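[1] Here is a sequence with its predicted model. Questions after.
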Amino acid sequence: MPILLALMAQTATLDADDSKAALACAMAVAVASPSENPMRITSQVSHFVMQAAKADPGGKPFLERMGELTGAADQTADSAKALLPECDRRFPLARASATVRLPADTFQRDLMCFGILGIFRGAAGQLEEDSGDAGALDRIQTVLAPISDRLTDAALNAHGITSEDAFSAAIGEQIKASLALGNGEDVARACGVASL
């Protein structure tokens, strides 16, 4: 019994490496909060994955590294719940609600919103498939359409973006910059999506 009490008294700790810690937090949120709003979970998990990609770029473009790291951590439900307070201390914006000030530059703002809303569009599409609820997808598409219309070839070329790789890199940089502003849900709200 004393050993069991000692184990229960131990606090969960995260790896000193920010990338490993962020991946552990991503999985902790996914495992510990299965009944929460799926779009909110997507926001929190994606924030942690972005933090992991930022901390360990692996010599790859940001979006590619995010894709690589998705699903790279493993947690049990009990260890996940124990980690959440430490995750909140280490990455305070991931699960908290914040007022986001988007970049003043219109082009950078459009790239940031395009990238963040693109992440949510995929999750909202899956939600519609799974539950038939198209509300989040419709709200995202409504905000995303005029942003997409502004990101013409001429607008991209004017900013030195002349290839698909350069476009992905520019979006990746703006997604990475969003980490300092708030989680994806907060950024999406600042972009004009009333609710996910």
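    Now that the structure is in, tell me what you want to look at.
[2] Longest helix in the chain, please.
    Looking across the chain with DSSP state H, the single longest helix is helix 106-131.
[3] just checking, what packs against that one?
    Helix 106-131 is packed against helix 38-55, helix 135-150, helix 164-178, helix 184-191, with contacts defined by 3 or more CB pairs under 8 Å, 6 or more residues apart in numbering; DSSP states H and E. For the C-beta atoms, the positions are set from N, CA and C on the backbone; glycine is no exception.
[4] so which helix or strand takes in residue 20?
    helix 18-32 (DSSP states H and E).
[5] tilt between that helix and helix 38-55?
    170 degrees (axes from the mean of the first three to the mean of the last three CA atoms, to 10 degrees).
[6] Wait, residue 169 touches residue 65, no?
    No - checked against CB atoms under 8 Å, the pair residue 169 and residue 65 is beyond contact range at 11.5 Å.
[7] So for those two, which sits in the more crowded spot?
    A direct count of neighbours by other CB atoms under 10 Å for residue 169 and residue 65 places residue 65 higher, at 21 against 16.
[8] Now the more buried one: closest residue in space, sequence neighbours ignored.
    The shortest distance from residue 65 to any non-neighbouring residue, by CB to CB, 6 or more residues apart in numbering, is to residue 53 (4.2 Å).
[9] Go ahead and confirm the one you found touches residue 59.
    No - Residue 53 sits out of contact with residue 59 when judged by CB under 8 Å, with a separation of 11.7 Å.
[10] between the two, who's got more neighbours?
    Neighbours were counted for residue 53 and for residue 59 using other CB under 10 Å; residue 53 has more, 28 against 6.
[11] How much space separates the more buried one from residue 165?
    Separation of residue 53 from residue 165 (CB to CB, to the nearest Å) stands at 17 Å.
[12] Below-threshold pLDDT in this protein: ranges please.
    1-12, 34, 71-78 (pLDDT under 70).
[13] Quick check: which of the helices and strands packed on helix 106-131 is nearest to residue 99?
    helix 184-191 (7.4 Å; CB to CB).
[14] Which neighbouring elements make contact with that closest one?
    helix 38-55, helix 106-131, helix 135-150.
[15] Pick the most buried one from these.
    Highest mean neighbour count among those (mean count of other CB atoms under 10 Å): helix 38-55, with a mean of 23.
[16] Report the distance from the helix or strand just after it to the chain centre.
    For helix 38-55, the succeeding helix or strand toward the C-terminus, using DSSP H and E, is helix 62-69. Helix 62-69 sits 12 Å away from the centroid of its parent chain (CA atoms, centre = their mean, to the nearest Å).
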